[in-house]
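Participant: Here is my input; please provide its structure:
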Amino acid sequence: DLLFIFSLPFWAYYAVHDWIFGEALCRILSGVYLLGFYSGIFFIILLTIDRYLAIVHAVFALKARTVAYGILTSIVTWAVAIFASVPGIVFHKTQKENAQYTCSAHYPTDGLINWKHSYILKMNILGLIIPMIIMIFCYSRILKTLLGCKNEKKQKAVRLIFVIMIFYFIFWTPFHIASFVHTFQNSFFFPDCDIQGRLEKTIQVTETISMIHCCINPVIYAFVGEKFRKYLYTFFRKHVAAHLCKKCPALYREKLERVSSTFTPSTAEHDISTGL
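Facilitator: Residues are numbered from 1 along each chain as shown. Down below sits the predicted model:
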C-alpha cells in the first residue's frame, strides 16, 4: 500500500498536466505502481492460505506456520511480485505528443496486439481470476470447518481477512473488467470513436476507484481487527503519550497500567496459538 501511495502524486500531476519527470522515473514509477498492485493481492492470498491452514489443517499448521517459513514465503511473494512488475519497467517510456510528453506503455511493433493482450491478460489472471479461485476454495473450506466447531475467536480472525478480500474485489474488479473490454473490444463489437471514448473514460474512473483501495486496508484493520486496536492503543500510550504527557507523568502511568492489564497471559497464549 505504501509503494502504491508513493507513486500516486506523480500520476495525479500527470493526469492534470503532462509528464515532466523524465523517462527514468516513468519506468521506475510504472514498476512501483505495478509492484504495489501485485504485492497487495499476493499478500492477501497469503493471508487467506495462512487462515486456511490454521483452521482446516490445524495439526499440519503447527509445523508449517513458523517464523522461518513466514520469512521464506514473504520473500517468495515479493520476488513473484517484482517479476510480474518487470514488463511495466520494460514497456513504459516517455514520448512527445502534440507538444506534450506522455508516459505510457509502448509495445514492440512486430507484435503490438499480442504483447498488449498478454500484458492485460496477465494482469487480469494474476490480479483477479487466480486470487478469486484460491479465495473461494479456501473460504468455502474454512466456513465448513467453522460451522462444525463454532470457535468465536477463529471466526473473528477469518472475518478480518474476509473483509479485506471483499473490499479488494469491490474496488479492483470494475477496473479489471474495463481494461479487459477495452483491450479486446474488437472481439466483442465494432468500436467507433464514441465507444472508444466511453471505454477510455470508464478505465479512468474505475482506475481512480481502485486507487482508493490502498487507503482502505488501515481503516479495515482499525475497525474490524480488535487486537490491532488494542496493540495500537498500547503503542500510542508507550511511545507517543510518554513524550506528550511529560507534564502529567502520574496520570500517564495510571492509564498505562490499566491498558497493560488488558493483556493477560491467556491472551498471549491465544496469540501464539492462532498466529495473530
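Participant: Please count neighbours and contacts with C-alpha atoms only from this point.
Facilitator: OK.
Participant: what about the longest helix in the protein?
Facilitator: helix 22-56 (DSSP state H).
Participant: And that one, what's buried?
Facilitator: 23, 25-56 (16 or more other C-alpha atoms under 10 Å).
Participant: what's the spacing between it and its chain's center?
Facilitator: 6 Å (C-alpha atoms, centre = their mean, to the nearest Å).
Participant: Also stretch 226-233?
Facilitator: For stretch 226-233, the distance to the chain centre is 21 Å (C-alpha atoms, centre = their mean).
Participant: For it, buried residues please.
Facilitator: For stretch 226-233, by 16+ other C-alpha under 10 Å, it's 227, 230.
Participant: Mean confidence (pLDDT) on that stretch, please.
Facilitator: Per-residue pLDDT over stretch 226-233 has a mean of 78.
Participant: tell me, what residue is most central in the protein?
Facilitator: A centroid search over the chain (C-alpha atoms, centre = their mean) returns residue 40, at 2.6 Å, as the residue closest to the centre.
Participant: Verify the contact between that residue and residue 3 for me.
Facilitator: No. Using C-alpha atoms under 8 Å, residue 40 makes no contact with residue 3, being 9.7 Å away.
Participant: lowest-pLDDT helix or strand in this protein?
Facilitator: Here the helix or strand of the chain ranked lowest by mean pLDDT, DSSP states H and E is helix 265-274, holding a mean of 44.
Participant: What distance do you get for the closest residue to residue 51 other than its chain neighbours to residue 189?
Facilitator: Nearest residue to residue 51, sequence neighbours excluded (C-alpha to C-alpha, 6 or more residues apart in numbering): residue 158, at 6.8 Å. Distance of residue 158 to residue 189, given as C-alpha to C-alpha, to the nearest Å: 42 Å.
Participant: out of the two, which sits in the busier spot?
Facilitator: Applying other C-alpha atoms under 10 Å to residue 158 and residue 189 shows that residue 158 carries more neighbours, namely 21 against 10.
Participant: Relative to residue 55, how far out is that one?
Facilitator: Distance of residue 158 to residue 55, given as C-alpha to C-alpha: 9 Å.
Participant: go on, residue 79?
Facilitator: 27 Å.
Participant: Check residue 137 too.
Facilitator: 14 Å.
Participant: Likewise for residue 87?
Facilitator: Distance from residue 87 to residue 55, by C-alpha to C-alpha: 37 Å.
Participant: could you show me where the helices are in the chain, in order?
Facilitator: So, for the chain - with DSSP H - the helices run 2-16, 22-56, 58-64, 67-91, 112-124, 130-149, 152-183, 185-188, 193-211, 216-224, 226-235, 241-244, 249-260, 265-274.
Participant: And the third one, what does it pack against?
Facilitator: Pointing back at helix 58-64 there. Secondary-structure packing of helix 58-64 (3 or more C-alpha pairs under 8 Å, 6 or more residues apart in numbering; DSSP states H and E): helix 22-56.
Participant: now swap in the first one and tell me
Facilitator: Secondary-structure packing of helix 2-16 (3+ C-alpha pairs under 8 Å, 6+ apart): helix 22-56.
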